[in-house]
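Asker: pasting the sequence and the predicted model now:
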2 protein chains.
Amino acid sequence: MSDNTGTAMAADQLRSFVERIVKLEEEKKTLSEDIRDVYGEAKSSGYEVKALRKVVRLQRMDQSQKAAHDEVETILETYMQALGLL
Amino acid sequence: MSDNTGTAMAADQLRSFVERIVKLEEEKKTLSEDIRDVYGEAKSSGYEVKALRKVVRLQRMDQSQKAAHDEVETILETYMQALGLL
């Protein structure tokens, strides 16, 4: 009996993990469809999708590098303050 | 002058497409990180991630097949009604 309850509880926990992931995967799928739609819209407006994809990739790399740079700057500032250099 | 304005307008439109896609891609990235976190949580709870991934895949296939089946059923019903068979 206690074993059954234990199994039921594990199944509930497992089910909860599966449900959470399935939900997130579905949201991700919707976003992928949205992205595809925007590219489709751009194509209809006469833009070259491959070039646009490349612009998006470069833009995201830029943003990601900027975020990394800002983080290092923030940490640097903390170190400088800790050392009384600021 | 009018040529400059045309170019500026095209650039605005292009910028808008890029911004929309970048935003959606970022949201997608966040979801991917959330999914990774849930798998991490499941792993910490003692679940085997590879098996869990397979369950999620099967569950999503099930749901997608059910959705396709429901859609066919709905269309079938429309046809039957149109033919006065319902």
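Answerer: Looks like it came in fine.

Asker: now the host helix or strand of residue A:75: average pLDDT?
Answerer: Assigned by DSSP states H and E, residue A:75 falls within helix A:49-82. pLDDT averaged over helix A:49-82 equals 95, rounded to a whole number.

Asker: now that helix: how far from the chain's centre is it?
Answerer: What separates the centre of helix A:49-82 from the centre of its chain is 15 Å, taken as CA atoms, centre = their mean, to the nearest Å.

Asker: quick one: is that helix near chain B?
Answerer: Yes. Part of helix A:49-82 sits close enough to chain B to count as contact by CB under 8 Å from any CB of the partner chain, namely A:52, A:55, A:56, A:59, A:60, A:63. Every C-beta, even on glycine, is put in place using the N, C-alpha and C of the backbone.

Asker: let's have those residues in JSON lines, adding distance to residue A:71.
Answerer: Rendered in JSON lines, the data for those read as follows (distance: CB to CB, whole Å):
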{"residue": "A:52", "distance to residue A:71": "29"}
{"residue": "A:55", "distance to residue A:71": "25"}
{"residue": "A:56", "distance to residue A:71": "23"}
{"residue": "A:59", "distance to residue A:71": "19"}
{"residue": "A:60", "distance to residue A:71": "16"}
{"residue": "A:63", "distance to residue A:71": "13"}
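
Asker: buried subset of those, written for ChimeraX?
Answerer: Typed into ChimeraX, the next command selects the buried ones out of those (criterion: 16 or more other CB atoms under 10 Å in any protein chain shown):
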select /A:52,55,56,59,60
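
Asker: which of the residues of helix A:49-82 next to chain B sits closest to residue A:70?
Answerer: Of all those, the one with the least separation from residue A:70 (CB to CB) is residue A:63, at 10.4 Å.

Asker: which helices and strands does the longest helix that chain A contains pack with?
Answerer: Counting residues, the longest helix found in chain A (DSSP state H) is helix A:2-44. With contacts defined as 3 or more CB pairs under 8 Å, 6 or more residues apart in numbering or on different chains; DSSP states H and E, the packing partners of helix A:2-44 are helix A:49-82, helix B:2-44, helix B:49-82.
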